[in-house]
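Participant: quick one: sequence and predicted model below, then my questions.
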Amino acid sequence: MKAVHFGAGNIGRGFVGLLLHQAGYEVVFADVADALISQLADAGSYRVHEVGEQPAVHTVSNFRAVNSNSQEDRLVQEIATADLVTTAVGPHILKFVAPVITRGIAARAEDAVPLQVMACENAINATDLLRESIDASWDEAIGALDDRAVFANTAVDRIVPNQETGQGLDVTVETFYEWVIDRTPFGANAPVIPGATFVDRLAPYIERKLFTVNTGHASAAYFGHEAGLEKISEAMADPSVASHVRAVLDETRQLLVDKHGFDAGEQEAYVRKILGRFTNPHLPDTVNRVGRAPLRKLSRHERFIGPAAELAERGTTPEALLKAIGAALRFDDPTDAEAVELGELLASSDAGEATGRITGLSPEHPLFDAVRKLVEERQAKIAAV
Ligand SMILES: NC(=O)c1ccc[n+]([C@@H]2O[C@H](COP(=O)([O-])OP(=O)(O)OC[C@H]3O[C@@H](n4cnc5c(N)ncnc54)[C@H](O)[C@@H]3O)[C@@H](O)[C@H]2O)c1
Ligand SMILES: O=P(O)(O)OC[C@@H](O)[C@@H](O)[C@H](O)[C@H](O)CO
């Protein structure tokens, strides 16, 4: 069995690559980072170090590596003969990897079994996004895309920080992981990945993951950044940051219980487990990594505006989420391209326009005015500097 995996970064090597290796796949890593691909191509193996109360080390081997820019024709051939394609490149990058996947699917033998495709990104239905880009360039003359490929959405959960320099290809990760996959598109032919959980209704799991793990994580990052703290574990050790994060997760917990019917006690246990993961002192995760790309994180269906908008539509004012949105608007990491763009957007547009462009909310939405007020406050601070 062969899997082509796009994105040999933190989650690519530390989670997807590991689980596919353990499931018996030969993994072909595809990435644009030349030095990383050369290192992988020369290495026979790398190690995944799980840190926490029960540390463990796993070795990943039986992989190859292809540069998706300079070796595109080779990558097309790899996809043409693969069983599975996965991605962990970032939701905004999916449209850039779609063309080579399209070419690879088109190059498959007519009698080949359909390629199984799963995007493992932090976004609701990321595989659907990838599929839309593939559809856009698919040549119907070759046949129906559905006869050639099966697309399944997934939710992936494991905290993998940016890696320290000097540890080569090895990856440090937390011990916890969860990979939930929509079983329904595969019919009787779901891939066998022992570390994954296959479900018939994925939507509740994706929202529960994004609106708990990622909403809480990003809140810790933005409040922690404001408090001048560097690591997520340090942020969570600050009582004020921790209580803001807890308040945010109380709001999303209520939404998830009301909307999806999760048992209230189970959801509370899920929240506590996640708060414990954030405090893991062995994990060198930073507020800058977790807060990265604030424009993506503040977009309409993402971890803040998504749940806050739904709560507002249900008649609740999401006060803690609004505080976290305010902190996100103040995230001014000069090394983060989206944080810089956010600052420029706030400085150059009026409050209503900036609110619409950042959040995708219409002025009629019940959340709009509360967010516009936060935008105005941030703009006043920027203007005063
Ligand atoms: N790190 C985590 O804790 C974690 C956990 C769950 C999900 N995710 C999600 O996984 C995705 C990747 O996150 P990450 O933390 O591994 O980031 P990362 O930056 O460590 O890895 C991304 C990799 O994608 C590569 N890449 C960029 N453009 C590419 C292209 N056009 N073709 C091929 N490769 C390309 C980069 O060179 C990099 O190696 C994101 O969607 C993230 O939200 C991350
Ligand atoms: O990857 P992002 O930028 O969407 O979010 C940053 C972190 O919250 C994220 O990478 C988590 O570590 C991960 O989602 C845990 O499963």
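Facilitator: Right, received. Where do you want to start? These figures come from a predicted structure and were not determined experimentally. Numbers count the residues shown, from 1 in each chain. Ligands and ions are numbered 1, 2, ... in the order given.

Participant: for residue 329, which non-adjacent residue is closest in space?
Facilitator: In space, and not counting its chain neighbours, residue 329 is closest to residue 378: 4.5 Å by Cβ to Cβ, 6 or more residues apart in numbering. To be clear about C-beta, it is placed using only N, CA and C from the backbone, and glycine gets the same treatment.

Participant: what's the neighbour count on that neighbour?
Facilitator: 21 (other Cβ atoms under 10 Å).

Participant: quick check, pLDDT for it.
Facilitator: Confidence at residue 378, expressed as pLDDT, is 98.

Participant: do residue 53 as well
Facilitator: pLDDT, read off for residue 53, is 86.

Participant: kindly report the same for the one 3 residues further on.
Facilitator: pLDDT recorded at residue 56 is 97.

Participant: surely it and residue 176 touch.
Facilitator: No - taking contacts as Cβ atoms under 8 Å, residue 56 lies outside contact range of residue 176: 12.0 Å.

Participant: quick one, domains of the protein?
Facilitator: Domains of the chain are assigned by automatic domain parsing as 2-200, 204-384.

Participant: what strand or helix carries the residue of the stretch 201-350 of the chain found nearest ligand 2?
Facilitator: Per Cβ to the nearest ligand atom, residue 217 is where the stretch 201-350 of the chain lies closest to ligand 2, at 3.7 Å. Assigned by DSSP states H and E, residue 217 belongs to helix 215-226.

Participant: ok, and what's touching that helix?
Facilitator: For helix 215-226, contacts defined as Cβ atoms under 8 Å, 6 or more residues apart in numbering pick out 159, 231-232, 234-236, 238, 240-241, 244-245, 248-249, 252, 271, 274-275, 278, 287-291, 294, 297, 303-304, 307, 321, 324, 327-328, 330-331, 333.

Participant: one more pass at 6 Å, please.
Facilitator: 232, 235-236, 241, 244-245, 248-249, 252, 274, 278, 287, 290-291, 297, 303, 324, 327-328, 331 (Cβ atoms under 6 Å, 6 or more residues apart in numbering).

Participant: the next helix or strand after that helix and ligand 1, any residue contact?
Facilitator: Using DSSP H and E, the helix or strand that directly follows helix 215-226 along the chain is helix 232-237. No - counting by Cβ under 6 Å from any ligand atom, no contacts exist between helix 232-237 and ligand 1, the nearest distance being 10.8 Å.

Participant: just the CA coordinates for helix 232-237, please, in PDB.
Facilitator: Taking Å, rounded to 0.1, in the frame of the first residue of the first chain, the C-alpha atoms of helix 232-237 are listed here in PDB:
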ATOM      1  CA  ILE A 232       1.300  28.100  25.800                       C
ATOM      2  CA  SER A 233       2.100  26.300  29.000                       C
ATOM      3  CA  GLU A 234       3.200  29.600  30.600                       C
ATOM      4  CA  ALA A 235       0.000  31.300  29.400                       C
ATOM      5  CA  MET A 236      -2.100  28.600  30.900                       C
ATOM      6  CA  ALA A 237      -0.200  29.000  34.200                       C
END
